[in-house]
Structure formats: structure tokens, C-alpha cells
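In: Following is a predicted model, sequence given first.
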Amino acid sequence: MVKGCYHLKDIPESVVRMYCADCHRFAQFRRAGLMERFGPDQPMPSLLRILKPCSIGGGMSGPQCQLAYFDRLQPERQADAIARGGLPATWQADWHSRRD
Ligand SMILES: [Zn+2]
């Protein structure tokens, strides 16, 4: 894998999850569906811009969206996002899949 650039086919998760810390918005896309639409060689960084599930930014000026792949965020940033609430129920089920 080329450093700094990974592709749709490199994603191990069956669901691609995105999160924006600015607008606190969660979004998820099934990887299989993305593969059909964009192909396995779609670079992930530009896919973020193509899908862009949040509406902040994109203009010439003003705030820019902090949209990122949730599963690529640092654990503390994931924890921050979860602590703010609003995490989709499916994510919570996924997140706590390991029972203790
Ligand atoms: Zn955003």
C-alpha cells in the first residue's frame, strides 16, 4: 500500500464509516455498494470529498468540514465522538460487540 493513500479495496471493514467532528455527523456506506459505484481502485481520500455526507465547507471561504473516516481516527477522537452522543444504534451495537 502506498503511504498516505489507500484505496477502497484496502478497507477491511464491510461498512465504511465517516464522522465530522465539526457538525457532529455520522454517516456510513456499505463497502460493497461503494465498490459497485466507484470500483476497487477508488482512492479513499477523494472518496471522502465525493460522498461528503455533511454540508459544511466546500465554499471559497468559511468553515471547512472536518469529515474523516471514523475507523481511521485516533482512539481518543473516537471516544470524544462517542461521548458527545448521537452515535447510530448500529454503530453502538458494532462497537460493543465484544461482551465482557
Ligand atoms: Zn462536517
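Out: Right, received. Where do you want to start?

In: Quick check: which ranges of this protein have low pLDDT?
Out: Within the chain, the ranges that satisfy pLDDT under 70 run 1-4, 56-63, 93-100.

In: the strands in it, which residues?
Out: Secondary structure of the chain (DSSP state E): strands located at 15-20, 25-30, 68-69.

In: how close does residue 35 get to the ion?
Out: According to C-beta to the ion, to the nearest Å, residue 35 stands 25 Å off from the ion. Placement of C-beta: from N, CA and C, glycine included.

In: What is the neighbour count of the closest residue to that residue other than its chain neighbours?
Out: Leaving aside its sequence neighbours, residue 35 sits nearest to residue 8 (C-beta to C-beta, 6 or more residues apart in numbering; 6.0 Å). The number of residues packed near residue 8 is 18, by other C-beta atoms under 10 Å.

In: which ones are touching residue 8?
Out: By C-beta atoms under 8 Å, 6 or more residues apart in numbering, residue 8 lies in contact with 31, 34, 35, 38, 39, 40, 41, 42, 44, 47.

In: Any of those residues buried? List them.
Out: 31, 34, 38, 42, 44, 47 (16 or more other C-beta atoms under 10 Å).

In: Going by distance to the ion, which of those wins?
Out: residue 47 (15.5 Å; C-beta to the ion).

In: returning to that earlier point: ok, of the buried ones among the contacts of residue 8, which one's closest to residue 64?
Out: Comparing these against residue 64 with C-beta to C-beta places residue 47 closest, at 17.3 Å.

In: show me what contacts the closest one?
Out: So, once contact is read as C-beta under 8 Å, 6+ apart, residue 47 ends up touching 8, 34, 38.

In: Spatially central residue in the chain, please.
Out: residue 18 (1.9 Å; C-alpha atoms, centre = their mean).

In: what's the burial count for the residue nearest to residue 88 when sequence neighbours are not counted?
Out: Take residue 88 and drop its neighbours on the chain: the residue closest to it by C-beta to C-beta, 6+ apart is residue 26, 5.5 Å away. Using other C-beta under 10 Å, the number of residues around residue 26 comes to 17.

In: If anything else comes up later, I'll come back, but that's it for now.
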